[in-house]
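K.L.:
Okay, sequence plus prediction incoming.
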Amino acid sequence: MRFDEAFKIMKQGSKVKIPSWGGYWFWSKEKQTIIMHTKDGEELDIRETKIPDYTFGNICSDEWVLADGENCPELGGEALFSFGEAIKYLKRGMKVARKGWNGKGQYIQLATGISYKTKDGDIVNCEHDAIGNMAIAFCGTSGVQMGWLASQADMLSEDWKFAE
């Protein structure tokens, strides 16, 4: 939902969040403001945000959802998100994984500075006009697979999460 809708339901007593968040926002009748309840359990008045760019960027999002005991870690649930969100987090340097993957500790991350050794022993730095020197690396139980490709199931799933 868009923020205008999220704001209305906050004013009615509901908690809202962006899918990937561990925390949530809610309306404080007492203070007449939005309170940001963080993934660390801290509560901040939205007027005291230390990162306005991030806060206003979230306000512009159309991905607001009700925060509840299933989708919000601070309420006992788990924060899951789409593949599109997973790509955004990869680009920010975070590790992500599918909840549905079987192997423990498996995740993907963005690899940069990629090079390889030829049969002749030459080191070649990979450069690509469109993506530069980056690729997605799958880190699994058998090691690292460079240049991982998402399946259609991976791309269409909504069970992406942050990897530890």
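P.N.:
That came in fine, so what should we check first? Residues are numbered from 1 along each chain as shown.

K.L.:
Could you list the buried residues of the helix or strand in which residue 108 is found?
P.N.:
Per DSSP states H and E: residue 108 is located in strand 107-112. Buried residues in strand 107-112, counting neighbours by 16 or more other CB atoms under 10 Å, are found at 107, 108, 109, 110, 111. For glycine as for every other residue, the C-beta is placed from the backbone atoms N, C-alpha and C.

K.L.:
quick one: average confidence on that strand?
P.N.:
The pLDDT scores in strand 107-112 average 95.

K.L.:
which residues touch the helix or strand following it?
P.N.:
Later in the chain than strand 107-112, the nearest helix or strand by DSSP H and E is strand 115-117. For strand 115-117, contacts defined as CB atoms under 8 Å, 6 or more residues apart in numbering pick out 123, 124, 125, 126.

K.L.:
Parallel or antiparallel, which strands does strand 115-117 pair with?
P.N.:
Sheet pairing for strand 115-117, assigned by DSSP bridges, gives strand 123-125 (antiparallel).

K.L.:
Show me how far the helix-or-strand element of the chain with minimal mean pLDDT is from its chain's centre.
P.N.:
Within the chain, no helix or strand scores below strand 123-125, which has a mean of 85 by mean pLDDT, DSSP states H and E. Mean C-alpha position of strand 123-125 versus that of the full chain (CA atoms, centre = their mean, to the nearest Å) differs by 32 Å.

K.L.:
Assumed residue 120 was part of a strand.
P.N.:
No. Going by DSSP: H, G, I helix; E, B strand; the rest coil, the assignment for residue 120 is coil, not a strand.

K.L.:
Can you name the residues that contact it?
P.N.:
With CB under 8 Å, 6+ apart as the criterion, no residue contacts residue 120.

K.L.:
and if you look at the one 4 residues further on?
P.N.:
The contact partners of residue 124, taken as CB under 8 Å, 6+ apart, are 115, 116, 117, 118.

K.L.:
where do the helices sit along the protein?
P.N.:
Ranges of helices in the chain, per DSSP state H, are 3-11, 52-59, 83-91, 152-156.

K.L.:
And the first one, what does it pack against?
P.N.:
Helices and strands touching helix 3-11, as assessed by 3 or more CB pairs under 8 Å, 6 or more residues apart in numbering; DSSP states H and E, comprise strand 16-17, strand 24-28.

K.L.:
hey, which of those is tucked in deepest?
P.N.:
Highest mean neighbour count among these (mean count of other CB atoms under 10 Å): strand 16-17, with a mean of 25.
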